[in-house]
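Trainee: how would this look folded up:
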Amino acid sequence: MLWLKAFHLIVVVSWFAGLFYLPRIFVNLAMATEPAEIARLKLMAHKLYRFVTPISWLVLISGVWLWLGFGFSGGWLHAKLFLVFCLFGYHGYCGKLVKQFAADKNTRSHVFYRWFNEVPVLMLIAIVILVVVKPF
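Mentor: Numbers count the residues shown, from 1 in each chain. Model (predicted):
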């Protein structure tokens, strides 16, 4: 089970790296004016989203496997699972934004995406506190 824990942490870190960087690409896309720059950023966003999506599934599979193997329970787990569920929604919404940018249908400014970029940071802080401290 320790190998599974290690694997789970590795894929979680990888998934979060993508969730941190993808909205940063959105910030740059919302500010870009040169056609070549826009095309490059669209390609980067598409490739990054395509790369982190299978990683998110590995997070889910290894997390469920850990839960079944260790039988975790408690209020902290319910709160953590809710936040993870929200992160999967955030991930899906990022996919929608990638498609909107690809179709040149973005209507939001770079300021929106700067705030949007902070969501996974706040979720990560809360999740780590819940898992390590188990406050309830």
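
Trainee: For the spatially most central residue of the chain, which non-adjacent residue is spatially closest?
Mentor: What sits nearest the mean C-alpha location of the chain, by Cα atoms, centre = their mean, is Leu19, with 3.4 Å. For Leu19, ignoring the flanking residues on the chain, the nearest one in space by Cβ to Cβ, 6 or more residues apart in numbering is Pro120 at 4.2 Å. The C-beta positions use only the backbone N, C-alpha and C, and glycine is treated the same way.

Trainee: In the helix or strand where that neighbour lies, which residues are buried?
Mentor: Secondary structure assigned from DSSP states H and E places Pro120 in helix 119-133. For helix 119-133, the neighbour count (16 or more other Cβ atoms under 10 Å) marks Pro120, Met123, Leu124, Ile127, Leu130 as buried.

Trainee: now these as CSV including pLDDT and distance to Gly63?
Mentor: Output for the buried residues of helix 119-133, formatted as CSV (pLDDT from 0 to 100; distance: Cβ to Cβ, whole Å):
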residue, pLDDT, distance to Gly63
Pro120, 97, 16
Met123, 98, 14
Leu124, 98, 15
Ile127, 97, 11
Leu130, 96, 13
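
Trainee: isn't the residue nearest to Leu19 right up against Phe16?
Mentor: Yes: between Pro120 and Phe16 a contact is recorded at 6.2 Å, counting by Cβ atoms under 8 Å.

Trainee: Count the neighbours of Val52 for me.
Mentor: 22 (other Cβ atoms under 10 Å).

Trainee: same check, this time on the one 4 residues further on
Mentor: Burial of Ser56, expressed as a neighbour count using other Cβ under 10 Å, amounts to 20.

Trainee: Report the contact partners of it.
Mentor: Trp15, Phe88, His91 (Cβ atoms under 8 Å, 6 or more residues apart in numbering).
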